[in-house]
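**Student:** coords please:
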Amino acid sequence: MTYDPGNIFARILRKEIPARTIYEDDFALAFHDIAPQAPLHVLVIPKGPYVSIADFGATASPDEITGFWRAVSKIAKEQGLTREGFRLISNSGPNSGQEVPHFHVHLFGGAALGPLLTQKTS
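**Tutor:** Below you'll find the model as predicted:
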């Protein structure tokens, strides 16, 4: 995948598309997923143009990496998820089902979430 500056998350960052934002700082933007898969389903995206977690880890500055992951932790705490637990998922590449070519994490919580994967693939 190559970074597409017209992807939906880039457009949300530029405020061209509205989102139900719950957190924003210099490094990250967090908003509710439009098709939630758990009682709380938040997407957290870095503000830079990174395609995947591999791209982010390899090319983001140390300040961006630290700032992003601190934001994720802060959001989980602010949303009341740190006591009972939460799940954090990042899909990377076509085999994972990544749909938007902008690195993002899904933060799930608010209930028991069950097994991570429900079926084996061969």
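**Student:** please, where are all the strands along this structure?
**Tutor:** For the chain, the strands defined by DSSP state E cover 21-24, 28-32, 40-46, 86-89, 105-109.
**Student:** note down every partner strand of the fourth one and its orientation.
**Tutor:** What it means is strand 86-89. strand 105-109 (antiparallel) (DSSP bridges).
**Student:** repeat for the first one
**Tutor:** Strand 21-24 has the following strand partners under DSSP bridges: strand 28-32 (antiparallel).
**Student:** show me the contact partners of the partner strand.
**Tutor:** For strand 28-32, the external contacting residues (CB atoms under 8 Å, 6 or more residues apart in numbering) are 12-13, 19-24, 41-47, 67-68, 71-72, 75, 107. In this view, the C-beta of every residue, glycine as well, is placed from N, C-alpha and C.
**Student:** filter those to the buried ones?
**Tutor:** For the contacts of strand 28-32, a burial check counting by 16 or more other CB atoms under 10 Å picks out 12-13, 19, 22-23, 41-47, 67-68, 71-72, 75, 107.
**Student:** summarise which helices and strands the longest helix belonging to the chain is packed against.
**Tutor:** Ranked by number of residues, the top helix in the chain under DSSP state H is helix 62-78. Contacts defined by 3 or more CB pairs under 8 Å, 6 or more residues apart in numbering; DSSP states H and E place helix 62-78 against strand 21-24, strand 28-32, strand 40-46, helix 53-59, strand 86-89, strand 105-109.
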